[in-house]
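1. Provided below for reference: sequence and predicted model.
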Amino acid sequence: MRNISDIADQLFHTYSTETSSAITDNEHVSQLLDGLLTLAPHSSQRIGPDFHWGSDPLEDANWRFQFHCLVWLDRLRESSLKAESVEGIELYERLLQSWVADNPVDSPPSDYSWFDMAVGVRAIVLLKAVGHFGAEQWLIDAIRTHGEHLSDPDNYEGRGNHSLHQDMGLIAIGEFMERADWIELSVDRILAMLSTAVDDEGVSVEGSVDYQYRNYRWYEEAARRIKSATGELPEVIGKALENMPIFMAHATSPSGRYALLGDTLEHRAPILPGTNTEWVRDAAFAPKPLTKLYKGGYLFARSRWATWKEDPSVAYFTLRFGAGRSSAVHGHEDGGSITWDMHGEKLLCDSGLYAYEGGPYRLFFRGRESHNVVDVLGRKYYPSAENPLICFQETRTHVLATIQVKAIEGVEWHRTVLFSLEHGYILVDDRVRDTLMPAPILQRWQLPRQSVMTVNSNEGIVDVSTPMNNLLRFSSIGGRNSVRIAEGSEAPISGWRSEDYRMKFPTPELSFVAQGDSVRFSTLIEVHDRPDREGFISIADSKRTSKSLVVSLGGNNWQERVELTSSGFNVTT
């Protein structure tokens, strides 16, 4: 067993336990001395003075998880020492000894006492306690029990950040206890998970931009722990940590915020010093290409590398494809979904996270109903189905992609999207074949909060006035479909967005609706920041065949004839 000061590089809490709690360290101590505990984002709960370890005041899994991680208890120790609170230190000592005594592995009082990730996180709390108590036998025995539990393959799934946190706890214990076998096991597990968690382009397989960042932080922490325990850093981790910020840079919109893809909350994109993520404050850090296609299922494109503070006209576009949600722990049913930002505003919006817990709203925010996709009412969605990219083509002025989606029961859907880097418009051609008709088929568009729609059914046009005085127009080409508008509906759930955890608000959804064994939606989407309705793109003529869409478009001082197929495009001016 090593001296605890010899493993100082292991004694840090994981990024997962960082909170934005509004209470100060002194308030944390004061609350606990009064029997209250605040675990963000939850409100304070009275669980003292007894502090029973089976407590679950909110009947909430996340609360129970944080409760048994004990990071809040380590904060009590640190804060009490800083405040020179004898009562706080006495409470810390009593509670830690109480947890060890009252939470045996074979009969714990809570389903989260020995929950996988909680054990790994709590291991650091116990190791830090050695610096306070010294190598007392009850504490060393508890640390050994945690090491044995974490090393047991029956308690290890080997995927996702939960298992990674188990390994980070085990490697720290292994270094302290001088267990070379535990260190070797942890390193082997971490490298095995990295090979499946992050691809060779540096893209996390979790299906979420937020979790791209989180995985970067976690694997950076794992890298530090491996280097502390072994004296070297495996090259494969170094390469992943080099590539992952490039993805984050492309996934950052001109607003300086992440594209809201998968389980992602609305927030400013974190900056990692010295990486491409610094482009939002220094354009010299921007990646060279305006367009980036990742085989992991992401297409990003922008008109230029600039924030809206520098150039409000910058356009930004994303498209999702690839593996289904069953292989993306924090992904959504968003194959084929697009988002679009321009003129300082999110115009085609993604759903957000809402919450991890199950229930109808979790299913909605994760499901197709809240994304910019084609959907068929009442049909099952197969989360294991792939949504392959079957065509990608780019020029200096345009980007085209075609996605094939077979995840909807009885349906084959091809979406071809052309994004104009020069003029900012989006041309969408959706072709849907339904073998189980009849059922309404919807082309869904999720719009900015408090937008106002004007429908011109005769011309196949829907105009949208946004809160930021942008004018967004949807023009149906080659056919007139009925229009459905929803906002804040409870039955069925539709027209909602979430930007913060467990918070939702009503937003308008525009849907074009058709029905039949073969349905097609061809839609031109454009936006202007002018206060009048002049300057919209004119459609001089259009022609659709079973394989192509040909449209003549014109704007102020420009004209284009676009020939679009699922296998490519041609634009003449």
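-> Yep, that arrived. Because the structure is a prediction, the values reported are computed rather than measured. Numbering: from 1, shown residues only.
2. so what's the residue nearest to Leu164 when sequence neighbours are not counted up against?
-> Nearest non-adjacent residue to Leu164, counting by CB to CB, 6 or more residues apart in numbering: Trp218, 5.5 Å away. Bear in mind the C-beta positions are built from the backbone N, C-alpha and C, glycine included. By CB atoms under 8 Å, 6 or more residues apart in numbering, the contact set of Trp218 is Thr14, Tyr15, Ser16, Asn161, Leu164, His165, Met168.
3. host element of Trp218?
-> According to DSSP states H and E, Trp218 maps onto helix 209-230.
4. CA atoms only: put that helix into PDB for me.
-> Only the C-alpha atoms of helix 209-230 are listed here, as PDB (Å, rounded to 0.1, in the frame of the first residue of the first chain):
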ATOM      1  CA  VAL A 209     -22.800  16.700 -29.300                       C
ATOM      2  CA  ASP A 210     -22.800  17.200 -25.500                       C
ATOM      3  CA  TYR A 211     -21.500  13.700 -25.000                       C
ATOM      4  CA  GLN A 212     -18.700  14.300 -27.600                       C
ATOM      5  CA  TYR A 213     -17.400  16.900 -25.200                       C
ATOM      6  CA  ARG A 214     -18.100  14.800 -22.100                       C
ATOM      7  CA  ASN A 215     -16.300  11.800 -23.600                       C
ATOM      8  CA  TYR A 216     -13.400  14.100 -24.400                       C
ATOM      9  CA  ARG A 217     -13.300  15.200 -20.800                       C
ATOM     10  CA  TRP A 218     -13.600  11.700 -19.500                       C
ATOM     11  CA  TYR A 219     -10.900  10.100 -21.700                       C
ATOM     12  CA  GLU A 220      -8.600  13.000 -20.900                       C
ATOM     13  CA  GLU A 221      -9.200  12.200 -17.200                       C
ATOM     14  CA  ALA A 222      -8.600   8.500 -17.900                       C
ATOM     15  CA  ALA A 223      -5.400   9.400 -19.800                       C
ATOM     16  CA  ARG A 224      -4.100  11.300 -16.700                       C
ATOM     17  CA  ARG A 225      -4.900   8.400 -14.400                       C
ATOM     18  CA  ILE A 226      -3.200   5.900 -16.800                       C
ATOM     19  CA  LYS A 227      -0.100   8.100 -17.000                       C
ATOM     20  CA  SER A 228       0.000   8.400 -13.200                       C
ATOM     21  CA  ALA A 229      -0.300   4.700 -12.700                       C
ATOM     22  CA  THR A 230       2.000   3.500 -15.500                       C
END
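5. and which of the contacts of Trp218 is nearest Phe321?
-> Asn161 (23.9 Å; CB to CB).
6. what about the residue lying closest to that closest one once chain neighbours are set aside, distance to Phe12?
-> Once flanking residues are discounted, Asn161 sits nearest to Trp218: 5.6 Å by CB to CB, 6+ apart. Trp218 is 13 Å from Phe12, where distance means CB to CB, to the nearest Å.
7. then Phe512?
-> For Phe512, the distance to Phe12 - CB to CB - is 52 Å.
8. more neighbours, these two?
-> Set side by side, Phe512 and Phe12 show more neighbours around Phe512, with 25 against 15, by other CB atoms under 10 Å.
9. helices and strands around the helix or strand encompassing the more buried one, which ones?
-> Using DSSP H and E, Phe512 maps to strand 508-514. Packing partners of strand 508-514 (3 or more CB pairs under 8 Å, 6 or more residues apart in numbering; DSSP states H and E): strand 441-446, strand 461-465, strand 471-476, strand 482-487, strand 518-528.
10. most packed of these?
-> With neighbours defined as mean count of other CB atoms under 10 Å, the helices and strands packed on strand 508-514 peak in mean count at strand 441-446, which reaches a mean of 25.
11. now do it, average pLDDT.
-> If you average the pLDDT over strand 441-446, you get 98.
12. follow-up on the earlier one: tell me the gap between the helix holding Trp218 and the middle of its chain.
-> In terms of CA atoms, centre = their mean, to the nearest Å, the centre of helix 209-230 is found 17 Å from the chain centre.
13. let's have the chain start at 815 instead
-> Yes, from this point I'll number from 815; that puts the last item at helix 1023-1044.
14. which element follows that helix toward the C-terminus?
-> Following helix 1023-1044 in sequence, per DSSP H and E, is helix 1049-1064.
15. can you pull the alpha-carbon coordinates of that next one into CSV?
-> Output of helix 1049-1064 as CSV, limited to C-alpha atoms (Å, rounded to 0.1, in the frame of the first residue of the first chain):
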residue,chain,number,x,y,z
GLU,A,1049,-0.7,6.7,-28.3
VAL,A,1050,-4.3,5.7,-29.2
ILE,A,1051,-5.7,8.0,-26.5
GLY,A,1052,-3.5,10.8,-27.5
LYS,A,1053,-4.7,10.6,-31.0
ALA,A,1054,-8.4,10.5,-30.0
LEU,A,1055,-7.9,13.6,-27.7
GLU,A,1056,-6.3,15.4,-30.7
ASN,A,1057,-9.2,14.6,-33.1
MET,A,1058,-12.2,15.1,-30.8
PRO,A,1059,-12.0,18.9,-30.5
ILE,A,1060,-12.1,19.2,-34.3
PHE,A,1061,-15.6,17.6,-34.3
MET,A,1062,-16.6,20.0,-31.5
ALA,A,1063,-15.5,23.0,-33.6
HIS,A,1064,-17.7,21.9,-36.5
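16. who touches that helix?
-> The contact list for helix 1049-1064 (CB under 8 Å, 6+ apart) reads 1004-1005, 1008-1009, 1012, 1014-1018, 1023, 1026-1027, 1029-1030, 1033-1034, 1036-1037, 1040, 1072, 1083, 1086, 1089-1091, 1093, 1099-1101, 1106, 1108, 1112, 1114.
17. hmm, 7 Å instead?
-> 1005, 1008, 1012, 1015-1017, 1026-1027, 1030, 1033-1034, 1037, 1083, 1086, 1089-1091, 1093, 1100-1101, 1106, 1108, 1114 (CB atoms under 7 Å, 6 or more residues apart in numbering).
18. now, of those, which are buried?
-> Neighbour counting over these (16 or more other CB atoms under 10 Å) leaves 1008, 1012, 1015-1017, 1026-1027, 1030, 1033-1034, 1037, 1083, 1086, 1089-1091, 1093, 1100, 1106, 1108, 1114 as the buried ones.
19. among those residues, which are located in strands?
-> Lys1106, Tyr1108, Phe1114 (DSSP state E).
20. tabulate these in CSV, adding columns for pLDDT and distance to Val944.
-> Shown next, in CSV, are these (pLDDT from 0 to 100; distance: CB to CB, whole Å):
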residue, pLDDT, distance to Val944
Lys1106, 98, 47
Tyr1108, 98, 44
Phe1114, 98, 47
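21. which one of those is nearest Asp920?
-> Scanning these for proximity to Asp920, where the rule is CB to CB, the winner is Tyr1108, at 45.9 Å.
22. was I right to think the closest one contacts Glu1015?
-> Yes: Tyr1108 lies in contact with Glu1015 (CB atoms under 7 Å); the separation is 5.7 Å.
23. helix, strand, or coil at Gln880?
-> Under DSSP: H, G, I helix; E, B strand; the rest coil, Gln880 falls in the helix class.
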